[in-house]
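**Student:** fold the stuff below for me.
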Amino acid sequence: MKKQLIFLSAFLISMTVFGQKNELKTAEKAIKNSDFSSAMAAINQAESLIGSADQKLKAKYYYLKGMALYQAGANSNVEEVGDAFNELLTYEQESNKFKYSNEIKELINTLVQNTAANASKSYETAVQSKLPEDYVKAADGFSQVYALSPTDTTFLDNAALVYFMGQDYEKSKEAYQKLLDLNYTGISTVFIANNKENGEEVVYPSKKAMDLQVKLGMAENPREEIKESRREMIFKNLAQNYAMLEDSEKALEIIAAGREEFPTSYSLLIDEANMYYKAGDNDKFKEKLEEAISLNPTEPTLYYNVGVMNMSQGNLDEAIKSFEKAVELKPDYGDAYNNIGAAIIEKATPIIDEMNKSLSDFDKYDSLQKQQFEIYKEALPYYEKAYEINSESLSVIQTLMGLYENLEMTDKLNEIKAVYEKLN
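**Tutor:** As a prediction, this is how the structure comes out:
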């Protein structure tokens, strides 16, 4: 009984091997005759049998699959070609048998160069047209280069950015996530020299290529520049994709992961603050702005925005301090001067409320009005400064008209009215 089972097993194995060889011969013959649909049909038939194939047959299977796809029309099957060829390269490397690798590497290099060139042309077209579909076409090209040559992660980085520019946030998100999963940094050495004839900078693919040009007297001033890590920017851009897809929770999660890796990142912190602002969480927004000030204490817009938040919360004295710090750092900050005046005038609100309750008590009303006008006098110089910086701001001009009228400053009122009428 055992002999019969062994005989049957051996018979089945020989039939499987025969089937594999037969299908691959059919595929090989079809490729030679440029009958690529028949070649792919035979390869697909062999696919279910290839798991039990020997080393030689497996290598041939991957080779024929890649060649059938490549010759059938590389431009429409670039990613499939890349998958097939890279499977072959990986397999031959693991098996330490290199029958097809050199030929395949040359084909991949040619395909990479052509695909990269086409992607760059598509990008140039997109820059001119500004059309999302043109950006997406370019991004597809960069993505295909990465599929052909997975070690060229720069092209995946390019694809992620250009997909975002083309408003394909899903594909951009997937590409950026892949870059993070690969621990991609983008740190690289760039080899640069100047063309001797015209002095223009030339970027070389390697130090050897640069040194050769210098040695031949065609280039001068050779140098190496280190590109900084892009990982922080990848967190930032990935979060922006989630924000554009209206998944603010995931966007904040990505920002948090980025800030854990880059705790002193001002850019990520500002993005986090803006996300809280868009979500309507003003307390968190203000908290993050104050944290940002500790990282970048000389940025006037931070103090300005903290002032706006304090003003909205009724913390007028704190708001004024923030606006004053903003103009200290940026003396021509017209909006900050305007808001100092607005915060001062806001202090008159309870006085005006009390005046409205005291219309029959003339003495009290007059006393309160005097306090009101003192506040207006205090606010006036800030509005005048805002007007000096931006003399075409209708809102500032209208406020000045009101102040001049209340303070009975007739000459100045007439002057500002003439400006208002001219602009309006």
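
**Student:** quick check: the spatially closest residue to Ala251 that is not a sequence neighbour vs Ser122, distance?
**Tutor:** Excluding its sequence neighbours, the residue lying closest to Ala251 (Cβ to Cβ, 6 or more residues apart in numbering) is Tyr242, at 3.9 Å. C-beta here means a position set from N, CA and C on the backbone, and glycine is covered the same way. Tyr242 sits 26 Å away from Ser122, going by Cβ to Cβ, to the nearest Å.

**Student:** for Met309, the count of nearby residues, please.
**Tutor:** Applying other Cβ atoms under 10 Å, we find 20 residues neighbouring Met309.

**Student:** does anything pack onto the helix or strand where it lies? Which helices or strands?
**Tutor:** Per DSSP states H and E: Met309 is located in helix 300-312. Packed against helix 300-312, as judged by 3 or more Cβ pairs under 8 Å, 6 or more residues apart in numbering; DSSP states H and E, are the following elements: helix 282-295, helix 316-329, helix 334-346.

**Student:** lowest-confidence stretch among the ones you listed?
**Tutor:** Of all those, the minimum mean pLDDT falls on helix 282-295 (a mean of 93).

**Student:** which other helices and strands does it contact?
**Tutor:** Helix 282-295 packs on helix 266-278, helix 300-312, going by 3+ Cβ pairs under 8 Å, 6+ apart.

**Student:** determine which stretch of these is the most buried.
**Tutor:** Mean neighbour count (mean count of other Cβ atoms under 10 Å) peaks for helix 300-312 among these, with a mean of 21.

**Student:** averaged pLDDT, that helix. What do you get?
**Tutor:** 94.

**Student:** what's the angle from it to helix 282-295?
**Tutor:** 150 degrees (axes from the mean of the first three to the mean of the last three Cα atoms, to 10 degrees).

**Student:** state the distance from Ser248 to Ala386.
**Tutor:** Distance from Ser248 to Ala386, by Cβ to Cβ: 35 Å.

**Student:** need the strands for the stretch 1-150 of the chain, in chain order.
**Tutor:** Under the criterion DSSP state E, counting those that start in this stretch, strands are not mapped anywhere in the stretch 1-150 of the chain.

**Student:** shaky segments in it?
**Tutor:** Across the stretch 1-150 of the chain, the ranges flagged by pLDDT under 70 are 1-21, 46-56, 72-77.

**Student:** make it 50
**Tutor:** Where the stretch 1-150 of the chain drops to pLDDT under 50, the residues are 1-19, 74-75.

**Student:** which element is the residue nearest the centre of the chain on?
**Tutor:** By Cα atoms, centre = their mean, the chain has its centre lying nearest to Asn237, at 3.3 Å. Here Asn237 sits within helix 231-244, counting by DSSP H and E.

**Student:** I'd like the distance from that helix to the chain centre, please.
**Tutor:** 6 Å (Cα atoms, centre = their mean, to the nearest Å).

**Student:** check stretch 157-168 too.
**Tutor:** 8 Å.

**Student:** run through who's touching that stretch.
**Tutor:** If you take Cβ atoms under 8 Å, 6 or more residues apart in numbering as the criterion, stretch 157-168 is touched by 119, 123, 126, 132-136, 138-140, 142-143, 146, 169, 171-172, 175-176, 179, 184, 186, 230, 234, 237, 240-241, 244.

**Student:** among the residues you listed, which ones are buried?
**Tutor:** 119, 123, 126, 134-136, 138-140, 142-143, 146, 169, 171-172, 175-176, 179, 184, 230, 234, 237, 240-241 (16 or more other Cβ atoms under 10 Å).

**Student:** out of the helices and strands packed on helix 300-312, nearest to Thr301?
**Tutor:** For those, proximity to Thr301 was assessed by Cβ to Cβ; helix 316-329 is nearest, at 7.4 Å.

**Student:** okay, the angle between that closest one and helix 282-295?
**Tutor:** Using the same axes, to 10 degrees: helix 316-329 against helix 282-295 is 40 degrees.

**Student:** pull helix 316-329 out as PDB, backbone CA atoms only.
**Tutor:** Only the C-alpha atoms of helix 316-329 are listed here, as PDB (Å, rounded to 0.1, in the frame of the first residue of the first chain):
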ATOM      1  CA  LEU A 316      -8.900  93.100  28.000                       C
ATOM      2  CA  ASP A 317      -5.800  94.000  30.000                       C
ATOM      3  CA  GLU A 318      -4.100  90.800  29.000                       C
ATOM      4  CA  ALA A 319      -5.100  91.400  25.400                       C
ATOM      5  CA  ILE A 320      -3.600  94.900  25.400                       C
ATOM      6  CA  LYS A 321      -0.300  93.500  26.800                       C
ATOM      7  CA  SER A 322      -0.100  90.900  24.000                       C
ATOM      8  CA  PHE A 323      -0.900  93.500  21.300                       C
ATOM      9  CA  GLU A 324       1.700  95.900  22.700                       C
ATOM     10  CA  LYS A 325       4.300  93.100  22.600                       C
ATOM     11  CA  ALA A 326       3.300  92.500  18.900                       C
ATOM     12  CA  VAL A 327       4.000  96.200  18.000                       C
ATOM     13  CA  GLU A 328       7.200  96.200  20.000                       C
ATOM     14  CA  LEU A 329       8.400  93.400  17.800                       C
END
